[in-house]
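>>> only geometry, no sequence info:
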């Protein structure tokens, strides 16, 4: 009964009694399984790869010959025909190849490489310290994995350490080996795998504490294994150790699945994908068939559960949407290469996921970072910043042979190494797709208004996972705006998770998003001590949406402030006038009492902000010279310029400015603004005429039009 009560309390009672009971039983069974696992740790760490009898009877030399000559299973095409891929890499990407080799040499000579948004980090001159936090220097203990406290409060960040231990830099070494045949790279690969195993016994320490991390590490090891398999450094002993490591990873994932009857997320999706990959690529293992069948079945079930009908991720996060698109695209291609059938409805869902990505990209090709983003990637052939989602569309265009997904003529290295020459030819045969138009994603709560270079994204999404989200932010009715190739008003991103709980709370707060705030409170209740918990109180609701060649109009509201003793409802209406090229924004606050209101617009980092004597605010891109004017259309005091930050990659942030209009008064309150792309001067005659005309209007400028 204690477990049952705990579940209901954790989820604020938002679960059926029968489901809570199932979850209580699952947790009790999980506790028993972990008790057994804890008692077997020494045995599990020593256990060699469990091969099926046919391969267990082979001599070590024969087994190595088998792996080097086997024709199936097939990994990604670019890794199967590796000699041709390496040739094309050198021919098509000469500068990138030199950069790749420099990175690989730096890994060998100094154990240094870039890590997330922190730039280059070094991890130990003689031997890499796999359990030392790269930022704080804190050494994580080798306790039983389920006993590890991930929120230490000492400046360490498990997410950063996990990035190091995903071992994706071994793919850089492997690609360097493929294009150079430098055996030093192969020798370093084996040294690091042995070092990692010695410092991370099975089931002990933070690097076994999350099955998702074990799965992602296994995927990267599979790729590195494929890249180095023909090296003379891979002998009988090396093969035995690699197979042992991969078998232990698969078994650990299977014992520690991050499943819940209440809700599953990107973690469980990665768990089962890891099992699928191991099962497909290592049929020599005893458990391979079960992993493959279970992994595929559960992966498709999770697509049904976690991907909304309009193609968006259910976690209210474009960052984790990218992760899932990458995961599903690569997994489906892997299955296709090995004759494993994926039902047509799932290929259509993959196309919908790709279409959603195409729709939310700004005209500059970057992604709005709605909700959390930890810059995570699946099999990062090339490391990408958190707001770089375009490369995935190139891969999807080639894999699905869909021109509408092609946003650039130039292929990328990742496309070559994953899809090979045939995938490259598929990509090159496609014409660049037509520019996207305004589109609504009602399941996601995302509405994109665009025409030519003008772009506004309106966010009416909830906190995610049917109200149980951990990666949503307090961003209801917020906006992103770009014009003339420049982003002006942006979502701030995430920055960090547990390393700094104050910053974690700040970046997901209402006050850090371009929306209205009442009495300095959050739209949904949050607790700084609980960085992955957010209440579900706002419940954004879209009242209307209309789009045509002349204008777009959306009206939505949320109830995040209805919990006040004197409740308030926030309604925001946005009208996009396409030929005249401007947006009208109207904020209406109704309810009871007198309150303090703040209306904020969070600017991109390189934007210069200037407030004119008449109260208009000019935002100008310091590099391109493009400008956007924010003109208040209702009587307002001059805005306050608040300091802020924007993070486009985990661990990196840039200073920015937040334009904030403050107002104290009794409800109802109505405020209006015009957002007008300008030539760079507030005296521009066209802009002045538009503002004068809009200020002369009476009544509701938007909802009643």
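Arrived safely, thanks for sending. Because the structure is predicted, anything quoted here is derived from the model rather than measured. Numbering: from 1, shown residues only.
>>> domain assignment for the protein?
Residue ranges for the structural domains of the chain, counted by automatic domain parsing, are given in the record as 73-292, 307-436, 444-696.
>>> would you turn those into JSON lines with distance to residue 25?
C-beta coordinates here come from the backbone N, C-alpha and C atoms, glycine included. Rendered in JSON lines, the data for the domains of the chain read as follows (distance: least, CB to CB, whole Å):
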{"stretch": "domain 73-292", "distance to residue 25": "9"}
{"stretch": "domain 307-436", "distance to residue 25": "25"}
{"stretch": "domain 444-696", "distance to residue 25": "19"}
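>>> pipe those domains into CSV and attach mean neighbour count and mean pLDDT per row.
As requested, the domains of the chain are exported to CSV (neighbours: other CB atoms under 10 Å; pLDDT from 0 to 100):
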stretch, mean neighbour count, mean pLDDT
domain 73-292, 20, 97
domain 307-436, 20, 96
domain 444-696, 20, 94
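>>> the nearest residue to residue 225 once chain neighbours are set aside is in what secondary structure piece?
Using CB to CB, 6 or more residues apart in numbering and skipping residues adjacent in sequence, the residue nearest residue 225 is residue 242, 5.7 Å away. Using DSSP states H and E, residue 242 maps to helix 236-255.
>>> pretty sure residue 117 belongs to a helix, no?
Yes - the assignment for residue 117 (DSSP: H, G, I helix; E, B strand; the rest coil) places it in a helix.
>>> just checking, it touches residue 384?
No - shown here, residue 117 and residue 384 do not form a contact pair, counting by CB atoms under 8 Å, at 11.2 Å.
>>> overlap in contacts of the two?
With contacts taken as CB atoms under 8 Å, 6 or more residues apart in numbering, residue 117 and residue 384 have residue 375 as neighbours in common.
>>> on that earlier part again, relative to residue 480, how far out is the residue nearest to residue 225?
Plainly put, residue 242 is 45 Å away from residue 480 if you go by CB to CB, to the nearest Å.
>>> ditto for residue 109
Here the criterion is CB to CB. By it, residue 109 lies 42 Å from residue 480.
>>> avg pLDDT for the longest helix anywhere in the chain?
For the chain, the helix that runs over the most residues, judged by DSSP state H, is helix 17-39. When pLDDT is averaged along helix 17-39, the result is 95.
>>> relative to helix 17-39, how tilted is the helix holding residue 242?
Our comparison of helix 236-255 with helix 17-39, counting by axes from the mean of the first three to the mean of the last three CA atoms, to 10 degrees, yields an angle of 150 degrees.
>>> quick check: next helix or strand after helix 236-255?
The first helix or strand that comes after helix 236-255 along the chain, using DSSP H and E, is helix 266-281.
>>> got a list of what the residue nearest to residue 225 touches?
193, 221, 225, 234.
>>> and the residue nearest to residue 324 when sequence neighbours are not counted, how far from residue 306?
On the basis of CB to CB, 6+ apart, the spatially nearest residue to residue 324 that is not a chain neighbour turns out to be residue 313, at 5.5 Å. Relative to residue 306, residue 313 is positioned 7 Å away (CB to CB).
>>> what helices and strands are in contact with the helix or strand where residue 481 lies?
Applying DSSP H and E as the criterion places residue 481 in strand 478-483. Counting by 3 or more CB pairs under 8 Å, 6 or more residues apart in numbering; DSSP states H and E, the packing neighbours recorded for strand 478-483 are strand 454-459, strand 486-489.
>>> C-terminal to the shortest one, what's the next element?
On the C-terminal side of strand 486-489, the nearest following helix or strand under DSSP H and E is helix 501-507.
>>> so what touches that next one?
The list of residues contacting helix 501-507 from outside it, by CB under 8 Å, 6+ apart, reads 153, 473, 492-498, 512, 526, 528-529, 531, 645, 647.
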